Every structure is written in C-alpha cells, then in structure tokens.
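[1] Quick one: sequence and predicted model below, then my questions.
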Amino acid sequence: MADYFSPSRPQSSDPTERPLKTLVLGYGYSAKIFHIPFIIRTPGLVLHSIAQRPTADNSATDAAIDYPSLTIFRSWEQVKKYQAAAAPENKIDLLVVTVCNKDHAKCARNGLLLGMHIVVEKPFSVASAEADELIELAKRQNRVLSVYHNRRLDSDYLTLKGILSQDSPTSIREVTYICSTYNRWVPNALPTKAWKQPCTLGNGILYDLGSHLIDQVLDLVNHDLTVSPTFNRSSAYGGMILPSRVMALLHDERGVFIPQSMDRAGWGSTWVDDGFDVFLYFDMLVPRLICHLSASSMSARLPHERWRVRGKNGKEWYKVGRDQQEDQMRYEMCAPDTPGFGEEPETHVGVTYKFVVGGLEGSKRQDRGVLEEKSQNEHGKYHLYYSNIVAAVAGREELLVKPEEGAAVLRVIEAAAQSWREGRLLEVPDFEKERAELKLAEGIEGVELTETEEE
C-alpha cells in the first residue's frame, strides 16, 4: 500500500498508556477517507482490525488485500467470538462505526455491550430516542461515546469561530443572521451508492450533509454566542440549547421518484431528499438569531458560496469555497501529515464588508458595502478528532463532540422533517411532544456490514 494508507505505526502519546486497539466496522468511502488515514497516524491508537462483509470477488476493495497484516472480520458474529475469547490485553478497545445510517445505533449498542469505546459516523442514529438510549448505556458501561462530526474541524468553520472570538474594530458584533450553504453538482443518483437511494428513515441529504450544518450552528450557539440571562439552561435538552422555532423545505431536485409503498416512517415523501432549506430561530440569544441552512445537489456554480454572517454593527462576513481535506485525500492521495494538508487556496478567502451610509446624489442616497478586511483562513484539522478521543479515554480531556450534541442534531432533523411534512413553522414544544419513541432491542444483535459511502 502507498504511504497514504500505511505510515509507520505511531507510538502512544503517553508511554505508560497502552495504545487503544481499534476496530473499524465497514470498509467503504467513509472508512477509507475519513477514519483509517487518521487512526493510523494518531499516537495512542493502533488499527487492530476491520470488519467488512465478504466481497463478490477478490478485488482491490477487499480490506484483506489492502491490510494483509490485520485481522479482517467478515461478520459481527466473528467480532463477538474474538472479544469473548481474547485476553484482556488483546481485546478491542475502540469501535468505529461506518456502516449505513440505519444500523448506527444497533452497532454502537453492540460495541458498548462488549466493553468497547465508540465512535459513530454521523448521523448518530436515525432517531433521537435511540441516541438517548445509547447515551444512558454508555454511562452505565463507563465507556466513551462520540459522534464523528469532523466538520467542526473544517478550515472555513475554524476561521469563522476565530472571527467571532476577535475583539477588534473590524469584528462582527452581535450576530443576527447566519447562512450556511453546502452545494454540489451531483445530477444523477449514483448507482454505486444504492443503499442511500431507498426511501427509508435515515437516508437523504438532510441526514447526510444537514447533520454537519446543524451541528456547526448548534456548536456556535452553545459556545460562541451570547445567551439571554433570563434563559433557563437547565431546561435545555441534555444541556444543549435548541432552536425556538424551525421551518423547513425538503427538495427532490433530481426527480428520483420512489414508489409510494416505500414511504419512509411517516415523512410523507415518495422520494429521497437531495436538497433542503432549513430555517432555525434562536429567540433566547442576544440579539435574536436566524440561521438559514441550505444544500443542493444541482449547483453548477464554482466556487460554491459557503457562509454569510451578519452583525448588528453593519458588518458581514462572506466566504466562498469549502474545506479541502476530503478532496486532498480523495483526488490527490495526499496524506494527513503531508505539508500543506488542510490549506485552502487564496481564492477561498473570506471577506468582511461594512455598510457605509453615503451622501445624497440627486434624490438618491448613495449607501454602499465596502470591503473592509480579508480573513486569514485557518487550516483544516481533522487529525485533532482522534487525538481528542485518545485523551478523553485517558481522562485528560473532555470530548470534542459529546454524544448529547449528536443527539441534539437529531432533534433538529426531526423537527425539520415535521415542519416540512405539516407545512408550518414549528415551535419547540410541538416537536418535543411528538418525538418518535423508537426503542433499541435488548441483547446483542447481528448486523449486516453495509459500508457508508458519501455522495
């Protein structure tokens, strides 16, 4: 294998700590791009095994060919047998779940019952009730549980957080509006990702990209913006502030029709959403905040718009282009420890505009927006996610992404789906009352190893 996949094995960040033996469940795009390259470069982790369903032929996509020195499990039953028979020092410590969305909760629960710490690809689950149960189980098992919301470590998002923390004359004061957009040009439903096409709960772009955009906004609201002193945080879900109101539109831009019999769990659609516009209203912030989250699969414009952030002081930050880490690894075979990894090109620089009141010219006032400052882009830092997992297991750091935060994302997704289905602006008490009460089955279950693929 190339150095991209197989660097020299890292040593533990603490010589007294045994590296965490890590099992990656699933061997699709997500595992190969977002997880394995970082796991094998993180001090304190060792890639112990991969669980992959048997391939149709002896192809290059087989984990046994790519990693001949690793243990390759072909079923969850094999994982259970190994864990039961292994000596304590040989047991798997960390399970990374990268199977299809509908099986996230089931696999995480199985791993927790086998004594493993858990990282779950986003979305955490397909229902917030499942996520709540997993959080309680992780507490009972005394295991670390986290959701892979890696886009908190995107370059553009880290740049925005830096701008909001600045105390300078050009800073954006009292944010009133955030527009976060993630557009792509994917005009055809991809046949290689057939598991994403069925009209079932957990599929669609709202669960896929929407999870990231919602997580970023909730992170800003809960850690970077000002909350009214009259707001009772103890009433927030899991300590997480959720929007006061939600309005959503889901789109079928590519016209991928699904028979009515495959209607997904009451969403009321006969197609899988490939675009959305979601509006979140945070009335408890000072000043009140409106967030517009948008994604499209049919946007041909490049570079794509990514952020618009406005403040009451007449400043607006605007940025095009998005984080390069995924593309660097996918198209350039650029390893995460390569110099320049995570850098954005200069054409992606964010700019701050200020509103200037102009004088009168004839009968018209000549107001204008003036370019005030170009922001210095931060580097993307996906590598910090797994470094934090190692430190959290050792008790040295709090989790970067807590499971309660992953569950809060699902609450907002459920509210958006209900808003769209009922065609109305939804108040928080409404979707609090109408949460789906899905329960995880008792005991350890078998799992079909269907790997996650990103569009």
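    Received, thanks.

[2] Contact partners for E316?
    I172, R308, V309, R310, T352, Y353, K354, F355, G369 (CB atoms under 8 Å, 6 or more residues apart in numbering). The C-beta positions use only the backbone N, C-alpha and C, and glycine is treated the same way.

[3] Equivalent analysis for H348, please.
    Here H348 is in contact with D156, P303, K319, V320, G321, R322, N377 (CB under 8 Å, 6+ apart).

[4] Find me whatever residue is spatially closest to the fourth one, sequence neighbours aside.
    Read that as V320. In space, and not counting its chain neighbours, V320 is closest to P303: 4.4 Å by CB to CB, 6 or more residues apart in numbering.

[5] how close does that neighbour sit to V412?
    Applying CB to CB, to the nearest Å, the value for P303 to V412 is 27 Å.

[6] More neighbours: which of the two?
    Each of P303 and V412 has its neighbours counted (other CB atoms under 10 Å); V412 has more, 27 against 14.

[7] wait, doesn't the more buried one sit right on R245?
    No - assessed by CB atoms under 8 Å, V412 is found out of contact with R245, at 11.3 Å.

[8] joint contacts of these two?
    In contact with both V412 and R245: L280, using CB under 8 Å, 6+ apart.

[9] re earlier: the contacts of E316 in strands, which ones?
    Counting by DSSP state E, the contacts of E316 place R308, V309, R310, T352, Y353, K354, F355, G369 in strands.

[10] show me the contacts for the first one.
    In other words, R308. Here R308 is in contact with Y177, I178, C179, E316, W317, Y318 (CB under 8 Å, 6+ apart).

[11] out of these, which is most surrounded?
    W317 (25 neighbours).

[12] gap between that residue and G350?
    Taking CB to CB, one finds W317 at 6 Å from G350.

[13] what residues do these two have in common as contacts?
    In contact with both W317 and G350: L160, I163, W307, S375, using CB under 8 Å, 6+ apart.

[14] Tell me how many other residues surround the residue nearest to the last one when sequence neighbours are not counted.
    Taking CB to CB, 6+ apart as the measure, S375 lies nearest to G350, with 4.2 Å between them; neighbours along the chain are not counted. The number of residues packed near G350 is 22, by other CB under 10 Å.

[15] G350 contacts E305, doesn't it?
    No - using CB under 8 Å, G350 makes no contact with E305, being 11.1 Å away.

[16] shared neighbours of those two, anything?
    The contact sets of G350 and E305 overlap at Y318, K319 (CB under 8 Å, 6+ apart).

[17] for the contacts of R308, which one is nearest L23?
    Closest to L23 out of those is I178 (37.8 Å), distances taken as CB to CB.

[18] what secondary structure does that closest one sit in?
    strand (DSSP: H, G, I helix; E, B strand; the rest coil).

[19] Same check on L371?
    strand.

[20] Please name the residues that touch it.
    V351, T352, Y353.

[21] In JSON lines, list those residues along with neighbour count and distance to A138.
    Supplementary listing: the contacts of L371 in JSON lines, determined by neighbours: other CB atoms under 10 Å; distance: CB to CB, whole Å:
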{"residue": "V351", "neighbour count": "14", "distance to A138": "43"}
{"residue": "T352", "neighbour count": "21", "distance to A138": "42"}
{"residue": "Y353", "neighbour count": "17", "distance to A138": "45"}
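
[22] so which one among the residues you listed has the lowest pLDDT?
    Minimum pLDDT across the contacts of L371 is recorded for Y353, with 83.

[23] give me the beta-bridge partners of that one?
    E316, L371 (DSSP bridges).

[24] cool, and L426?
    Applying DSSP bridges to L426, the residues it is bridged with are V246.

[25] my guess is it contacts V246, does it?
    Yes - judged on CB under 8 Å, L426 makes contact with V246 at a distance of 4.8 Å.

[26] tell me, what's touching those two both at once?
    Contacts common to L426 and V246, judged by CB under 8 Å, 6+ apart, are A415, S419.

[27] more crowded one of the two?
    V246 (27 against 22).

[28] which ones are touching the more buried one?
    V278, F279, L280, Y281, V412, A415, A416, S419, L425, L426, V428, F431.
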